[in-house]
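Asker: Structure for this input, please:
(chains A and B)
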Amino acid sequence: MNKEHRLRDNVLLGLGLALMIAALYTVFIYVPTEKHTGVVQRIFYFHVPVAWVSFLAFFVTFIYSILYLWKRKMKSDAIASASAEVGVIFTTLILITGPIWAKPVWGIWWTWDARLTTSLVLWLTYVAYLLVRSYATEPDRAARFSAVIGIIGFIDVPIVFLTVNLWRTQHPTAIIFEGGMDTPILVTLLVCIAAFTMLYVLLTVQSASLKDTENEVKRLKSIKEE
Amino acid sequence: MENLGYLFAAYTAIWAVVFVYILFMQRKQRRLQRQIDMLQDSLDKQDSVDSLKK
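Answerer: Numbering: from 1, shown residues only, chains lettered A, B, ... in the order given. Purely as a prediction, here's the structure:
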């Protein structure tokens, strides 16, 4: 790792840590407890940012998948797959924190309503993306096939987002875009979104650099075998 | 402080998943480093054999 990369990683890590401490402060100390649902409402401050980050991650995968198919550069594939991997991690967190929040509020862990079902489909799509990559024998094939899934799979992201407006669902609507949110709640949510976005950047940069190294090792191995 | 257990479970799950993913990346990095060392060794051996031939 060269000096420039180390400096970048340290800056990202410092920023990430500062934002995460700020997020924990706002969630547990700054923001008052919500009157109707009580302390459990604080899951909202991590559930929503995690959902935002997974949408962002799959959008990055979508863009870099197009770039890979267009320019055929392995660097684009590394970023697309790293972002998809981190996106799957964050979608897993949506599917874990959602039911934990739903149980005390709705009285059930899960229901097959449009938002929850399309979120599960999103997770399954990108798990398939990662499986295709791990089972493909050649790196070029893995990159090509997964890029196609990365582009087609992204169709589900706006569907997940719009479900609460298109259908009657158990899941609440995205009140952040409707206005009327109290200032402490809005500030806390924005700080948490910034913290989780930074965590996404950190994990994706690390994962993409590992994939670059992996590609380089594969290339050297093939040279040696020749 | 009703439902504190649910809040605790959700936050624990978030940090546990992120932590496991970081461990997974670290393991991958160690595996790649081992492979690079092996490749480097075999290239060094190849170089010394080539220089002896000359």
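Asker: Within the helices and strands, which one has A:Val157?
Answerer: helix A:156-166 (DSSP states H and E).
Asker: What residues sit buried inside that helix?
Answerer: Applying a neighbour-count criterion of 16 or more other Cβ atoms under 10 Å in any protein chain shown, one finds A:156-157, A:160, A:163-164 buried in helix A:156-166. (Glycine included, C-beta is placed from N, CA and C.)
Asker: Show me what from chain B comes close to chain A.
Answerer: Chain B has residues B:1-4, B:6-7, B:9-11, B:13-14, B:17-18, B:21-22, B:25, B:28-29, B:32, B:35-36, B:39, B:42-43 near chain A, with proximity defined as Cβ under 8 Å from any Cβ of the partner chain.
Asker: so where's chain A uncertain?
Answerer: Chain A contains residues with pLDDT under 70 at A:1-2, A:174-180, A:226.
Asker: Around chain B, pick out the residues from it.
Answerer: For chain A, the residues in contact with chain B (Cβ under 8 Å from any Cβ) are A:38-40, A:42-43, A:46-47, A:50, A:86, A:89, A:92-93, A:96-97, A:100-101, A:103-104, A:199, A:203, A:206-207, A:210, A:213-214, A:217, A:220-221, A:224.
Asker: give me that answer again for 7 Å
Answerer: By Cβ under 7 Å from any Cβ of the partner chain, the part of chain A that sits against chain B consists of A:38-40, A:42-43, A:46, A:89, A:92-93, A:96-97, A:100-101, A:103-104, A:203, A:206-207, A:210, A:213-214, A:217, A:220-221, A:224.
Asker: Neighbours of residue 45, how many?
Answerer: By default, I'm working from chain A. 23 (other Cβ atoms under 10 Å in any protein chain shown).
Asker: right idea, wrong chain: chain B
Answerer: Neighbour count for B:Lys45, taken as other Cβ under 10 Å: 10.
Asker: Quick check: it vs chain A, distance?
Answerer: 11 Å (Cβ to the nearest Cβ, to the nearest Å).
Asker: which helices and strands does the helix or strand harbouring that residue pack with?
Answerer: Using DSSP H and E, B:Lys45 falls within helix B:4-53. In terms of contacts (3 or more Cβ pairs under 7 Å, 6 or more residues apart in numbering or on different chains; DSSP states H and E), helix B:4-53 is packed against helix A:44-71, helix A:74-106, helix A:183-225.
Asker: Save those helices as TSV, and put in distance to A:Phe28 too.
Answerer: Listed next are the helices and strands packed on helix B:4-53 as TSV, based on distance: least, Cβ to Cβ, whole Å:
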stretch	distance to A:Phe28
helix A:44-71	9
helix A:74-106	16
helix A:183-225	10
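Asker: Show me what residue of chain A gets nearest to chain B.
Answerer: A:Val40 (4.0 Å; Cβ to the nearest Cβ).
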